[in-house]
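Visitor: predicted model follows, preceded by the sequence.
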Amino acid sequence: MVSAALSAGAAEANDGPIGFYAPSWAEHMRWERLFLSAPTPQSARKTLRALTEEPHVAGTEAGRRVAEQIRAAMAEAGFEAELFEIPVLLNYPKHVGAWLTQPEAEELSLREAGHVADKDSMSQEVFPGFHGYGAEGVAEGQVVYANYGTHDDFLKLKELGISLQGKVVLARYGGNFRGLKVKEAQEAGAAGILIYSDPADDGYTQGDVYPDGPFRPESALQRGSVQFISVATGDPSTPGWASSESSERVEWSQAIAARIPSLPLSYGDAQRILSRLSGDNVPDGWQGGLPLAYHLGPGPVEVRIEVEMDYAVRPIWNVIGRLEGAVEPDQWILLGNHHDAWTYGAVDPNSGTTSLLEMVRGLAEARRAGWRPRRSLVVASWDAEEYGLVGSTEWGEALAAELDEKLVAYVNLDSSVSGPDLGVDGVGSLRDFVAWCAADVPEPRRGGSLLKTWSGRLQVEWAESSPICLDHPQESFELRLDPLGSGSDYTVFLDHLGVPSVSFGFGGRYGVYHSIYDDFYWMERFGDPEFLYHTAAAQLYGLMALRAASADILPLRFAPYAAQILKFIDELEREALRSRRQAAAAEKAPERAPLEVDWTPVRAAQQRLSRAAQALDQRLVELQQAPEPLAADRLQALNRALGRIERAFLLPQGLPGRPWFRHAVYAPGFTTGYAPWPLPGLTQALKEKDAQLWEQQAAALIERFDAAVSALEQARASTD
C-alpha cells in the first residue's frame with residue numbers, strides 16, 4: 001500500500017484501497033490475481049516480434065496490417081473492437097537530398113548504414129530521412145550553427161549580431177520539439193534547417209553505440225514531425241475540428257505549418273559541416289560531443305537542401321475496443337497507446353503496444369472467470385501519433401460532446417520500455433491512485449515494488465537537487481507526478497477536453513529514437529532482453545484499468561492536486577525572482593525589465609482550492625469506511641460530479657495565442673513543445689514580460705480555481 005509519507009490525505013497502509021467498499025474489494029482481489037498471472041515475458045516477446053516485422057508508417061498498407069492485428073487481438077479477448085478510419089492529410093518523401101556545395105561538393109546521406117547481424121537495419125523499405133508535415137522547397141546558403149535551436153538560442157544569435165537571413169541553420173535535437181526549431185528558424189529569416197542528433201546527447205559520449213551498445217551510431221537519423229504542436233495538434237488542414245470525408249480543409253498555404261524545408265541529419269554528416277565552419281567559437285553550453293571546436297559560422301561552408309513531398313489525404317486507422325460497464329456504462333475509462341512508427345518502432349511505440357495487448361489478454365482471463373467492470377472500459381490503439389498526435393486528436397474532436405459527458409479518466413502508454421526506470425506524468429488527482437497501483441506490482445529485477453524503486457529514485461534526485469539551507473528547515477520529500485506537457489496522445493484529452501490524465505513508461509539508455517535501429521534486435525539486446533519490463537508495464541497498466549473501471553467511487557484525490565498547484569506557484573515565483581536578480585546584476589539592462597507582480601490573489605485562490613479539496617477527500621474516506629454504502633442513485637451522482645471536476649480548469653477562450661489549448665494548469669511550453677509550462681498563462685506572461693497579459697491570465701486562473709472550488713463543493717454536497 002501507499003506510504004503515509006506521500007502526503008496528508010494520501011492513502012495509507014491502514015486505509016485500504018482507494019474508492020472500494022470493503023465487500024467490493026474482497027471480491028475484486030480475485031480478479032486481480034487472475035489478471036496478474038496472465039502477462040508473461042514469453043508472450044510479450046512474441047507479440048513485439050510480430051508487431052515489428054516491417055516498417056509501418058501511418059497511412060500505409062503496413063500500418064493497416066498492424067491495426068488489423070491489434071483489432072483481432074482485442075476481439076479475441078472479448079472486446080467489441082473496430083477500426084475507426086479517419087481521412088487525414090499526410091506527407092511521404094518523394095525526393096529528399098542534402099549536399100555540401102562549398103568549399104567542395106559532397107552528398108550527405110539520408111539513409112543509415114545497415115548491420116549484417118540485424119536484418120531489419122538492412123531494409124530499403126524504410127523511408128529515407130524526412131520530416132512529417134515538412135515544407136517542400138529548395139534551400140541553399142551558408143550555414144549557421146544554432147545549438148539546440150531553442151527560442152533562447154535564436155535570441156542569443158541575434159544578440160551576437162549573426163543574421164540568419166537566407167542562411168541554412170544547423171541545430172541539434174534536444175531542448176525543444178523539432179517543429180519549434182523550424183518555427184524559430186523561419187521566423188528568423190532562415191532559408192532552411194538541418195537537424196542532427198549530437199553524440200553529447202545520445203551518442204558515444206553516453207556509452208557504446210549500436211550494434212555494440214544502446215546509443216546512436218554516426219549514421220543514425222532522427223525522423224519525426226515538424227508540426228507546431230505547442231499551438232495545436234492533429235491534422236493541420238482541419239485545425240480545431242474533426243477531419244472527415246466532408247470536412248472543410250484549409251489550404252496548406254494557410255495552415256499553421258512549416259514554410260522552410262527541413263531534413264534530419266546524422267552526426268557523422270553534421271561533423272562534415274561543423275569541421276568546415278568558421279566564425280566565432282560557440283558560447284558556453286553550445287559545444288557538443290564531436291571531436292572538434294564548434295564555431296557559429298556563417299560560412300565558408302555552404303549546403304543545399306532539396307525536399308519534394310507527396311502530400312495527400314490518406315486513411316488512418318484507430319483501433320477502438322470496448323467492454324460495457326455493468327453499473328455505470330456511461331462513465332468511460334480510456335486507455336491508449338499508438339501503433340504507428342517511423343520505422344519498426346520496437347521501443348516507440350510498439351513496446352507500449354505489446355504491453356497494452358498483454359494487458360488485454362490479462363483482462364480477458366478475468367472476464368472469463370466472471371469479472372465485469374462497473375464502468376465501461378475503452379482501449380484505444382491510435383494511428384498517426386508520430387505526425388502530431390493525429391489519430392487521438394481527430395477522434396477526440398469528432399466525439400468531443402460524447403466524451404465531455406462520459407470520459408472520466410485517460411491512461412496513456414506510449415513507449416513502455418527503453419530501460420528499467422519507471423516515470424509517471426499526470427494530474428495531481430491521480431497521484432495517490434497511481435502510487436497505490438504501483439505498490440502492488442513487483443519490480444522485476446531490483447526487488448520490492450514498482451512504487452518503492454520509483455519513489456526511491458525520485459527521492460535521490462530530489463535530495464541531489466535541493467540546496468541545504470542551515471537557517472531554514474528542509475522541506476520533506478513528497479512523491480509527485482511530473483507535469484504533463486505534450487508529445488503523446490493524452491494531449492487532446494487533458495488540454496482540450498479537460499479529462500484527468502496520466503502517462504507512464506520505463507526509461508533508460510535509449511539512443512536510437514526514430515532511427516532504423518529502433519527494432520527488435522535493439523530491444524532484445526539492450527532495451528529489455530528478458531522482456532521483464534514489458535510484463536511489468538502490462539501489469540501496472542492492467543491494475544489501473546481494473547481499479548479505475550471497478551471502484552465503487554472514482555479513485556480520485558484532490559488534496560494532492562491542490563498541493564501540486566501550490567508547488568507550481570512556488571516554483572514560478574522563484575523563477576520570476578531569479579530573473580529579476582539576473583537582470584539587476586547584468587552589465588547591460590535588458591530591453592524589457594522582468595515583471596514584478598503581486599502573487600497574493602493567486603495564492604489566496606489556491607488556498608480556497610486546497611480547503612475544498614481536503615474537505616472532499618475527507619468525505620470520500622468517510623464514505624468508504626461507512627457501515628452502509630451510499631444509495632445507488634446518490635453514488636452515481638457523486639461519480640458524475642467527481643468525473644467532471646477537471647473540466648473546471650478549462651479556460652473558455654483558451655490560452656493566449658493558442659486557443660485550442662484550454663487547460664489553466666497544464667500545457668506544453670509555447671516555445672518548448674514537449675516540456676510543460678505549469679500554469680501556462682502566468683508562465684507566458686512572465687517570459688514575455690507583459691504586465692497586461694499577467695493581469696489577464698492571473699484573473700483567468702483565479703476564476704478557474706474558484707470554478708474548481710465550486711465543483712469540489714458540489715461533489716461533496718451530492719453525498720448529503
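Guide: Done, it's in.
Visitor: got the contact list for L403?
Guide: Going by C-beta atoms under 8 Å, 6 or more residues apart in numbering, L403 touches 332, 396, 493, 497, 499. No exception for glycine: its C-beta is placed from N, CA and C like everyone else's.
Visitor: the nearest residue to L481 once chain neighbours are set aside: neighbour count?
Guide: Distances taken as C-beta to C-beta, 6 or more residues apart in numbering place G426 nearest to L481, at 4.0 Å, with adjacent residues excluded. Neighbours of G426 under the rule other C-beta atoms under 10 Å: 27.
Visitor: now do the domain split for this protein, please.
Guide: The chain is divided into the following domains under automatic domain parsing: 4-88+313-441+488-508+515-550, 90-312, 559-717.
Visitor: tell me how far the ends of the last one are from each other?
Guide: It refers to domain 559-717. 17 Å (C-alpha to C-alpha, to the nearest Å).
Visitor: what does the second one give?
Guide: Domain 90-312 has its terminal residues 6 Å apart, counting by C-alpha to C-alpha.
Visitor: average pLDDT for that domain?
Guide: Average pLDDT, domain 90-312: 97.
Visitor: those strands in the stretch 501-650 of the chain, which residues are they?
Guide: 501-507 (DSSP state E, counting those that start in this stretch).
Visitor: what are the phi and psi angles of the residue nearest to L481?
Guide: phi 180, psi 180 (degrees, to the nearest 10).
Visitor: that one and V502 touch, don't they?
Guide: Yes: with contact defined as C-beta atoms under 8 Å, G426 reaches V502; the gap is 3.2 Å.
Visitor: identify the contacts common to the two.
Guide: With C-beta under 8 Å, 6+ apart as the test, G426 and V502 both reach 434, 481.
Visitor: picking that back up, which residues does the residue nearest to L481 contact?
Guide: 434, 481-482, 484, 500-504.
Visitor: and the domains of the chain, which is most packed in?
Guide: The highest mean neighbour count among the domains of the chain belongs to domain 4-88+313-441+488-508+515-550 (a mean of 23), with neighbours defined as mean count of other C-beta atoms under 10 Å.
Visitor: before we move on, the earlier item: of the domains of the chain, which is nearest G456?
Guide: domain 4-88+313-441+488-508+515-550 (10.6 Å; C-beta to C-beta).
Visitor: in the stretch 501-650 of the chain, mark out all the helices, start to finish.
Guide: Remark: helices assigned in the stretch 501-650 of the chain by DSSP state H, counting those that start in this stretch are 520-522, 532-550, 559-585, 600-625, 632-644.
Visitor: right, and these - which one's nearest E703?
Guide: Of the helices of the stretch 501-650 of the chain, nearest to E703 by C-beta to C-beta is helix 600-625, at 8.7 Å.
Visitor: from the chain's centre, how far out does the closest one sit?
Guide: 28 Å (C-alpha atoms, centre = their mean, to the nearest Å).
Visitor: and if you look at stretch 190-204?
Guide: Using C-alpha atoms, centre = their mean, the offset of stretch 190-204 from its chain centre is 21 Å.
Visitor: what about that stretch, how long is it end to end?
Guide: Stretch 190-204 stretches 30 Å from its first residue to its last (C-alpha to C-alpha).
Visitor: repeat for stretch 317-335
Guide: 17 Å.
Visitor: report the distance from that stretch to the chain centre.
Guide: For stretch 317-335 - counting by C-alpha atoms, centre = their mean - the centre lies 22 Å from the chain centre.
Visitor: distance of F661 from G654?
Guide: Counting by C-beta to C-beta, to the nearest Å, the gap from F661 to G654 is 6 Å.
Visitor: likewise G669?
Guide: Counting by C-beta to C-beta, the gap from G669 to G654 is 16 Å.
Visitor: quick check, L263 in a strand?
Guide: Yes: looking at L263 with DSSP: H, G, I helix; E, B strand; the rest coil, it is inside a strand.
Visitor: nearest to L160, of the helices of the stretch 501-650 of the chain?
Guide: Once the helices of the stretch 501-650 of the chain are compared by C-beta to C-beta, helix 559-585 is nearest, at 18.5 Å.
Visitor: how big is the angle separating the closest one from helix 600-625?
Guide: 160 degrees (axes from the mean of the first three to the mean of the last three C-alpha atoms, to 10 degrees).
Visitor: mind listing the helices for the stretch 301-450 of the chain?
Guide: Counting by DSSP H, counting those that start in this stretch, the helices of the stretch 301-450 of the chain are 350-368, 385-388, 390-398, 400-406, 431-438, 450-465.
Visitor: now the second one: mean pLDDT?
Guide: Same thing as helix 385-388. 98.
Visitor: chain center to that helix: distance?
Guide: For helix 385-388, the distance to the chain centre is 11 Å (C-alpha atoms, centre = their mean).
Visitor: who touches it?
Guide: Contacts for helix 385-388 (C-beta under 8 Å, 6+ apart): 57-58, 88, 90, 132-133, 179, 224-225, 227, 229, 233-234, 236, 338, 340-342, 349, 391-392, 414, 488-489.
Visitor: returning to that earlier point: closest to A191 among the contacts of L403?
Guide: Comparing those against A191 with C-beta to C-beta places G396 closest, at 36.4 Å.
Visitor: give me the three-state assignment for the nearest residue to that closest one once chain neighbours are set aside.
Guide: Distances taken as C-beta to C-beta, 6+ apart put V492 closest to G396, at 3.7 Å, once the chain neighbours are dropped. Using three-state DSSP, the structure places V492 in helix.
Visitor: go ahead and confirm V492 touches G234.
Guide: Yes: V492 lies in contact with G234 (C-beta under 8 Å); the separation is 7.3 Å.
Visitor: intersection of neighbour lists for these two?
Guide: With C-beta under 8 Å, 6+ apart as the test, V492 and G234 both reach 389, 393, 397.
Visitor: in the stretch 1-150 of the chain, which spans are strands?
Guide: 80-102, 106-108, 131-132, 137-145.
Visitor: and those as a markdown table, adding distance to R216?
Guide: Putting these into a markdown table (distance: least, C-beta to C-beta, whole Å) gives the following:
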| stretch | distance to R216 |
| --- | --- |
| strand 80-102 | 18 |
| strand 106-108 | 17 |
| strand 131-132 | 18 |
| strand 137-145 | 19 |
